[in-house]
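> when you get a sec, could you give me coordinates for this:
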Amino acid sequence: MSHYDVTPAPASTYDRWTHPPFSGFNDGEYIWGRGAGDDKTLVVAQWEAITHLLEAGFKPRRTLILSHGFDEEEVFARRGQGQIAPFLEKRYGNDGLLMVIDEGGGTQDDFFGSAFALPGMGEKGYLDIEISVGTAGGHSSVPPKHTGIGIMSQIVSGLEDNPFEPNLTPASPILTAMQCAAEHASAFPKSYAKLLRREGPNAYPRLAKVYAESSTFHRAEAGTTTAVDVIAGGVKVNALPELVAARVNFRIDFAESVASTQAHIARILGKVAKKNGLKLSAFEGKTEGELGGRYVQVERLGLPIEPAPRTPAVGGVWELFAGTVKAALPGPNGEERIVSPYSSTGNTDCKMYYNLTKNVYRFLGGRGGSSFNAHTVDERASISTHLEIVKWVHAIIQNADAYDGEQ
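Sure thing, here's the model as predicted:
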């Protein structure tokens with residue numbers, strides 16, 4: 001799997017690019033342009049690998065499906081893989097595929113001091129909401145204590161000041177990776193190892209807290225995240241706003257759910273509504289007419305996604321996948337590369353494919369950190385890493401084709 005759509009490159013940013021965003025400029029080290037890293041290098045590598053195999057006379061025993069979406073970057077879109085996956089379900093049935101491999105993690109030569117490959121074998125859930133604050137309008141010369149914008153500010157502060165607690169449980173591939181690193185990585189922090197031994201087996205709250213505090217990225221890995229991304233309200237500087245709206249994104253932890261996330265949101269908004277004497281409507285689907293003129297309302301935007309099922313890290317398919325990684329992508333100087341479950345902070349198109357197989361791997365097949373500036377100015381992808389991806393795809397196609405074990 002891969003996707004060939006890209007995020008926009010606004011014309012207003014063109015003069016900030018080292019090379020034009022749709023030039024595909026090759027400087028001998030990188031390919032420059034929008035989508036170079038996300039996700040054109042994988043699309044091209046897949047077709048390079050299959051072309052080479054066919055030219056060499058390869059005749060697959062199994063059906064090989066190259067599935068490319070065109071709306072992965074569209075949050076609410078379901079026209080690409082959202083149509084392809086149901087078609088494949090109808091043709092092959094539930095659990096009809098051996099495995100699915102999509103974009104995702106890669107290799108790292110210094111994961112706590114050792115060479116690892118980190119395929120995404122779980123994926124956070126996803127929820128977008130829209131919050132509306134309705135208040136009486138009027139002339140700004142006679143303002144209330146808090147306008148609708150002021151009340152929305154309280155809501156935003158409430159959401160940001162009351163985040164979900166950092167969380168590491170057996171449901172999290174991040175915890176699995178840490179346990180694996182504790183056993184196999186040469187420089188795994190002693191403080192982490194100590195907490196792994198002392199806590200668990202059902203929860204690791206202190207480890208989660210220490211890990212989350214170490215960086216913004218680790219905080220995003222260890223728990224549900226809250227991002228207030230869009231806000232709008234008011235029409236004129238001398239008129240009180242009658243409607244203020246905000247849109248908020250949540251990436252839901254592996255041990256949480258859409259329902260528990262909505263309950264968290266409703267609690268925070270309920271306190272603000274009560275403080276300001278407003279009616280609360282939380283995920284009830286009421287119309288503005290039903291709510292009256294003074295209210296706090298929150299509704300879902302688009303379709304939410306529950307945290308993904310965990311991909312098994314045992315059995316023949318896992319051994320096929322991990323063994324191919326080790327053979328095709330060894331560590332520096334030929335050292336063994338450890339393959340561990342992991343997870344990215346985002347979502348991919350493979351979320352459409354959970355009915356087709358339990359063996360879902362989000363793995364690019366190249367070195368992590370070798371493409372830069374995805375979704376922004378000067379996006380570029382390493383040519384040497386691209387060749388690694390071709391090598392990986394070339395190997396996994398042949399090994400999967402020859403596999404006769406359990407599914």
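> now find how far off-centre stretch 4-21 is within its chain.
23 Å (Cα atoms, centre = their mean, to the nearest Å).
> the stretch 201-350 of the chain: helices as residue ranges?
205-213, 216-221, 258-275, 288-291, 316-328 (DSSP state H, counting those that start in this stretch).
> quickly list what the closest residue to residue 292 other than its chain neighbours is bridged to.
Nearest non-adjacent residue to residue 292, counting by Cβ to Cβ, 6 or more residues apart in numbering: residue 279, 6.6 Å away. To be clear about C-beta, it is placed using only N, CA and C from the backbone, and glycine gets the same treatment. Applying DSSP bridges to residue 279 gives these bridge partners: residue 295.
> my read is that residue 279 contacts residue 293, right?
No. Look at residue 279 against residue 293 with Cβ atoms under 8 Å: they stay out of range, at 9.6 Å.
> with neighbour numbers in mind, choose between these two.
residue 279 (16 against 13; other Cβ atoms under 10 Å).
> state the distance from the more buried one to residue 297.
9 Å (Cβ to Cβ, to the nearest Å).
> who touches both of these two?
residue 291 (Cβ atoms under 8 Å, 6 or more residues apart in numbering).
> so how far does stretch 158-168 reach from one end to the other?
Criterion Cα to Cα, to the nearest Å; first-to-last residue distance in stretch 158-168 is 24 Å.
> now stretch 288-306
29 Å.
> in it, what's buried?
Buried residues in stretch 288-306, defined by neighbour count with 16 or more other Cβ atoms under 10 Å: 291, 294, 295, 296, 297, 298, 304, 305, 306.
> and these as JSON lines, adding pLDDT and distance to residue 155?
What follows is the buried residues of stretch 288-306, written out as JSON lines (pLDDT from 0 to 100; distance: Cβ to Cβ, whole Å):
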{"residue": "291", "pLDDT": "92", "distance to residue 155": "16"}
{"residue": "294", "pLDDT": "95", "distance to residue 155": "15"}
{"residue": "295", "pLDDT": "97", "distance to residue 155": "12"}
{"residue": "296", "pLDDT": "98", "distance to residue 155": "7"}
{"residue": "297", "pLDDT": "98", "distance to residue 155": "11"}
{"residue": "298", "pLDDT": "98", "distance to residue 155": "9"}
{"residue": "304", "pLDDT": "94", "distance to residue 155": "20"}
{"residue": "305", "pLDDT": "93", "distance to residue 155": "24"}
{"residue": "306", "pLDDT": "96", "distance to residue 155": "25"}
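> count of residues packed around residue 28?
The number of residues near residue 28, taken as other Cβ under 10 Å, comes to 5.
> who's in contact with it?
By Cβ under 8 Å, 6+ apart, the contact list for residue 28 reads residue 383.
> next one: residue 48
Contacts of residue 48 (Cβ under 8 Å, 6+ apart): 390, 393.
> next helix or strand past the host helix or strand of it?
Counting by DSSP states H and E, the element that carries residue 48 is helix 41-55. Helices and strands here follow DSSP H and E; after helix 41-55, the next one along the chain is strand 68-69.
> from the contact counts, what lies against that following strand?
Here strand 68-69 touches strand 2-3, going by 3 or more Cβ pairs under 8 Å, 6 or more residues apart in numbering; DSSP states H and E.
> where's the strand it packs on relative to the chain centroid, distance-wise?
So, by Cα atoms, centre = their mean, the centroid of strand 2-3 is 14 Å from its chain's centroid.
> if we look at that strand, which residues are touching it?
Under the criterion Cβ under 8 Å, 6+ apart, residues 39, 42-43, 46, 68-73, 80-81, 102-103, 349 lie in contact with strand 2-3.
> quick one: buried ones out of those residues?
39, 42-43, 46, 68-69, 71-73, 80-81, 102-103, 349.
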